[in-house]
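1. sequence first, then the predicted structure, then my questions.
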Amino acid sequence: MIQAKLRAGAITTAVLAAAIATTGCASHKFVRENIAVVDERVTVVEGTAGEALARANAAHKLAEGKFLYEVVLSDDSVKFPVDHASLSPEAEARLAELAQRLREENRNVYLEIQGHTDATGDSAYNDKLGEARAEAVRRFLAKQGVALNRMSTISYGEEAPVAPNDTPEGRSQNRRVAIVVLS
C-alpha cells in the first residue's frame, strides 16, 4: 500500500514536472520570438536615427562658415504693405541689382529667401503671407536669371521680429524679406 502511494506520488510528480518543463519551454520560445521581433525593430530604428544624424552632420558641415552676406528688403522704399506680398518697383530694382551682382561674382551660391510678417493677424495666416512674400522674391530672381535650384524659401511669419510690434513703425520694419547668400 505504501509502495502504491509512493508510486502514484512519483507518477504525479513526474507528470507535474513534465507539464512544468513543457510550459517553461513554451514560455521561453515565446519570449525568444518576441525579443527577436523587438531587436529587429530597434535595429531598424537605430539605423534610421543614425542615418538622419549623419545627414544632419553633413548638412551642418556644408553650411558651417559658408555665410557670405545678407540682403534685407525692409527699408522704407521696399517694405511690404500690410497684408500684401507683391513687390514694389523699388524692391524689384534692388532685386535686379542683387541678380546682377550674383552674375558678376559668378560664384556658385545658394540663396535662402526668408519671408517675415508683423504680429497682426492669425499666426497661421502670417506664415502663409511670409511664404508668399518669399515666393514673390524667388519668382522675380528666377526671371532675372538666378537658377531655381539655387534658391529656397522659408517663412518665419511673425516669429522673428526685428522691431517691436506695438508701434506702426515697428510693424512696418517686420514686414520684410531677407535673402541669405551662402557659398
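-> Arrived safely, thanks for sending.
2. is Glu104 in a helix, a strand, or coil?
-> What DSSP: H, G, I helix; E, B strand; the rest coil gives for Glu104 is helix.
3. begin at 43 from here
-> Okay, using 43 as the starting number, the last item reads as Glu146.
4. that one: neighbour count?
-> By the measure other C-beta atoms under 10 Å, the count of residues near Glu146 is 8. All C-beta atoms are positioned from the backbone trio N, CA, C, and that covers glycine.
5. so it versus Arg192, what's the distance?
-> Distance, Glu146 to Arg192, by C-beta to C-beta, to the nearest Å: 16 Å.
6. again, but for Arg143
-> Taking C-beta to C-beta as the criterion, Arg143 is separated from Arg192 by 14 Å.
7. same thing with Glu139?
-> Shown here: Glu139 relative to Arg192, a distance of 18 Å by C-beta to C-beta.
8. buried sites along stretch 130-148?
-> Neighbour counts over stretch 130-148 (16 or more other C-beta atoms under 10 Å) mark Ala133, Glu134, Arg136, Leu137, Leu140, Ala141, Leu144 as buried.
9. between those residues, which is nearest Pro206?
-> Ala133 (23.5 Å; C-beta to C-beta).
10. helix, strand, or coil at the closest one?
-> Taken by three-state DSSP, the conformation at Ala133 corresponds to helix.
11. can you check the pLDDT for it?
-> In the predicted model, Ala133 carries a pLDDT score of 87.
12. can you verify my assumption that it contacts Leu115?
-> Yes. Assessed by C-beta atoms under 8 Å, Ala133 is found in contact with Leu115 at 5.3 Å.
13. can you work out which residues contact both of those two?
-> The contact sets of Ala133 and Leu115 overlap at Val179 (C-beta atoms under 8 Å, 6 or more residues apart in numbering).
14. any idea how many residues pack against Thr159?
-> If you count neighbours by other C-beta under 10 Å, Thr159 ends up with 32.
15. err, Leu110, not the other one
-> As a burial measure, the neighbour count of Leu110 was computed by other C-beta under 10 Å and equals 12.
16. tell me the phi and psi of it?
-> When quoted as degrees, to the nearest 10, the phi and psi of Leu110 stand at phi -100, psi -60.
17. show me what contacts Gly199?
-> The contact partners of Gly199, by C-beta under 8 Å, 6+ apart, come to Gly157, His158, Thr159, Ser165, Asn168, Asp169, Leu171, Gly172.
18. gap between it and Thr162?
-> With distances taken as C-beta to C-beta, Gly199 is found 11 Å from Thr162.
19. and if you look at Glu134?
-> Using C-beta to C-beta, Glu134 is found at 25 Å from Thr162.
20. max pairwise distance over the buried residues of stretch 130-148: which two?
-> Using C-beta to C-beta, those reach their maximum pairwise distance at Ala133 and Leu144, which is 16.5 Å.
21. where along the chain do the strands fall?
-> 109-115, 152-158, 193-199, 219-224 (DSSP state E).
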